[in-house]
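Visitor: When you get a sec, could you give me coordinates for this:
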Amino acid sequence: MGDRWHVEVDRSVCIGSGMCVNHAPKGFRLDSARQSHPTAPETDAGERILAAAEGCPVEAILITLADGGEPVYPPEE
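Guide: Below you'll find the predicted structure:
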């Protein structure tokens, strides 16, 4: 079995660019205020979700391992 990720969007940072929806249309949605929300807060690890986080122009998407909370994106430095 692969990793499970906890995905969260910091809506105080989100600018509603929609890049996350473009990268992972099944993983994110925009509400009526154009704020991003993950479609499922916990999901299987996947390249589209990671691409959405990496492509966010304001780094509003946070991904951690569901078991243990270690950061996936942004990576710890």
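Visitor: quick one, helices of this protein?
Guide: For the chain, the helices defined by DSSP state H cover 19-23, 47-55.
Visitor: For L65, find the nearest of those helices.
Guide: Nearest to L65 among those is helix 47-55 (12.6 Å), distances taken as C-beta to C-beta. C-beta here means a position set from N, CA and C on the backbone, and glycine is covered the same way.
Visitor: List the contacts of H6.
Guide: 41-42, 63-66, 69 (C-beta atoms under 8 Å, 6 or more residues apart in numbering).
Visitor: what do you get for Q35?
Guide: Contacts of Q35 by C-beta under 8 Å, 6+ apart are 9, 11, 14, 16.
Visitor: okay, now the residue lying closest to the third one once chain neighbours are set aside: neighbour count?
Guide: For C14, the nearest residue in space outside its immediate sequence neighbours is A60; the separation is 4.3 Å by C-beta to C-beta, 6 or more residues apart in numbering. As a burial measure, A60 scores 20 neighbours (other C-beta atoms under 10 Å).
Visitor: which residues touch A60?
Guide: Neighbouring residues of A60 by C-beta under 8 Å, 6+ apart: 9-11, 13-15, 36.
Visitor: Tell me which of the helices of the chain sits nearest to W5.
Guide: Once the helices of the chain are compared by C-beta to C-beta, helix 47-55 is nearest, at 6.6 Å.
Visitor: who does that closest one touch, helix- and strand-wise?
Guide: Under the contact criterion of 3 or more C-beta pairs under 8 Å, 6 or more residues apart in numbering; DSSP states H and E, helix 47-55 touches strand 4-9, helix 19-23, strand 61-65, strand 71-73.
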